[in-house]
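A.B. asks: here is the input, now give the coordinates:
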Amino acid sequence: MLKKVLLLSASAGAGHVRAAEAIEKALKEKGEDKDGVEEVRHLDVLQFTNKVFRHLYSKAYIDLVNKMPEVPGWIYDKLDTPWKNERRRLALDKLNTRPLVKLLREYRPDMIVCTHFLPAEIVSWLKAKERLASRQAIIVTDFDVHAMWLCHHYEQYFVAIDEARAYLEALRIPPDKITVSGIPIDPVFTLQKDRREMRSKHGLALDRTTILLSSGGFGVGSVDALIASLLRLQHSAQIVAICGRNQELKERLTKLAASINRQATVILKPFGYTQEMDELMAASDLVLGKPGGLTTSEALSKGLAFVIVNPIPGQEERNSDHLLEGAVAIRCNNLPILAYKLDRLLSDPERFATMQKNAYRMARPNAARDIVKKLIELS
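C.D. replies: Numbering: from 1, shown residues only. Below you'll find the predicted structure:
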């Protein structure tokens, strides 16, 4: 029986946190069913590190992604040698996570669920030293398993696809300690919602191809160039531009939208921060942007084809490979030809429909609930 479950994420990008929030929601559903889950806590481990370390993990990383994406890509590849750098990395992490170690030893949950490799490594070390008896589950939040996710002391790995399972088995991870679950997304994405109803609800045209643009990962200049390219589309379309908490971007795009003739071939509809992403995805035909693990999994659950634009070298490059291999996506590396590539796709309705069907085939919308079911089995 699971009484105390501790979810550990890291706010180095939003995906790790969103994955933990999805598990938290699914666990609380189980708690309501009186299945034995009594207490669930979710912590951002970066809040239990020092200021410099926290800066390097969050803001410095985002700055590199926006200004010099080749650098994090090089680091990603350089560190992707199983077991090679673990001692050096662990020494650094131990030095900078002492408040986290203190919390873990005092709280002593029944199960620790990690959606980031940093806390997974710390928990593994504490288990190895017999300073912590909690069981550990590790949820990999991308389609590939990078070497930094590997540790020695755990009860279960949860991975996105069968290929990730095969990779871990090749590294001699016991098969019974690997579950192919998919990447956990909010259980709300399991609900089927009518496309036309969702368009009407959110003030969207009913008869236009609808492109969901997740702008949060783009630098300020890139958004303008991206939308300028999309405005050259020959097919009638509307762009649903998600600006998140970037108010300056929202205001700029709102002004741009007002300047576009409503009879234009392409119209623009900006949205700020929203908790209704599932509805906006349900209203859309395809998603355009960078293929982070969570965004990709959400889009697949809604049967959206994917247009990949300049993925971040490293994990997003590898996620792109899986989407292209699954015939779910097209990729554009040069913005001036974005409209051309999209027009060519939209001119082939059979291919477009097949990509959407393939998205449903790859999707695992019930991942969060499936993971929780397995966690309870392990208790």
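A.B. asks: contacting residues around G292?
C.D. replies: Applying CB atoms under 8 Å, 6 or more residues apart in numbering to G292 gives the contacts G13, G15, D142, G217, Q315, E316, N319. (Glycine included, C-beta is placed from N, CA and C.)
A.B. asks: repeat that for 6 Å
C.D. replies: Contacts for G292 (CB atoms under 6 Å, 6 or more residues apart in numbering) come out as G15.
A.B. asks: quick check, pLDDT for it.
C.D. replies: pLDDT recorded at G292 is 89.
A.B. asks: list phi and psi for it.
C.D. replies: When read as degrees, to the nearest 10, the backbone of G292 gives phi -70, psi 160.
A.B. asks: how much space between the residue lying closest to W83 once chain neighbours are set aside and P109?
C.D. replies: Of all residues not flanking W83 in the chain, L150 sits nearest, at 6.5 Å (CB to CB, 6 or more residues apart in numbering). Computed as CB to CB, to the nearest Å, the L150 to P109 distance reads 22 Å.
A.B. asks: repeat that for R172.
C.D. replies: For R172 relative to P109 (CB to CB), the value is 28 Å.
A.B. asks: neighbour-wise, which of the two wins?
C.D. replies: P109 (22 against 7; other CB atoms under 10 Å).
A.B. asks: which stretches of the stretch 1-150 of the chain aren't confidently modelled?
C.D. replies: 1, 31-36, 55-62, 64-66, 85-96 (pLDDT under 70).
A.B. asks: what ranges do the helices span in it?
C.D. replies: Along the stretch 1-150 of the chain, counting by DSSP state H, counting those that start in this stretch, helices occupy 15-32, 51-57, 59-67, 70-78, 86-96, 98-107, 117-128.
A.B. asks: show me what the last one packs onto, helices and strands only.
C.D. replies: In this structure, helix 117-128 makes packing contacts with helix 86-96, judged by 3 or more CB pairs under 6 Å, 6 or more residues apart in numbering; DSSP states H and E.
A.B. asks: apply 10 Å and report the result again.
C.D. replies: Packed against helix 117-128 by the contact rule (3 or more CB pairs under 10 Å, 6 or more residues apart in numbering; DSSP states H and E) you find strand 4-9, helix 15-32, helix 86-96, helix 98-107, strand 111-114, strand 135-139.
A.B. asks: for these, which one sits closest to N261?
C.D. replies: Smallest distance to N261 across those (CB to CB): 36.9 Å, for helix 15-32.
A.B. asks: look up how far K78 lies from the residue nearest the centre of the chain.
C.D. replies: By CA atoms, centre = their mean, the chain has its centre lying nearest to L294, at 2.0 Å. In this view, L294 and K78 are 25 Å apart by CB to CB.
A.B. asks: which positions within stretch 228-235 qualify as buried?
C.D. replies: Buried residues in stretch 228-235, defined by neighbour count with 16 or more other CB atoms under 10 Å: S229, L230, L231, L233.
A.B. asks: phi, psi for the residue in the chain sticking out farthest from the centre please.
C.D. replies: Using CA atoms, centre = their mean, the residue of the chain lying farthest from its centre is Q263. It sits 35.5 Å away. Dihedral angles of Q263 (phi, psi; degrees, to the nearest 10) stand at phi -90, psi 10.
A.B. asks: so what's the residue lying closest to A19 once chain neighbours are set aside up against?
C.D. replies: Excluding the flanking residues, the one nearest A19 by CB to CB, 6+ apart is T115, at 4.2 Å. Residues counted as contacts of T115 (CB atoms under 10 Å, 6 or more residues apart in numbering) are 7-10, 15-23, 42, 137-141, 158, 183-184, 294.
A.B. asks: if you set the cut-off to 8 Å instead, what comes out?
C.D. replies: Each residue near T115 by CB under 8 Å, 6+ apart is listed here: L7, L8, S9, A10, H16, V17, A19, A20, I23, I139, T141, P184.
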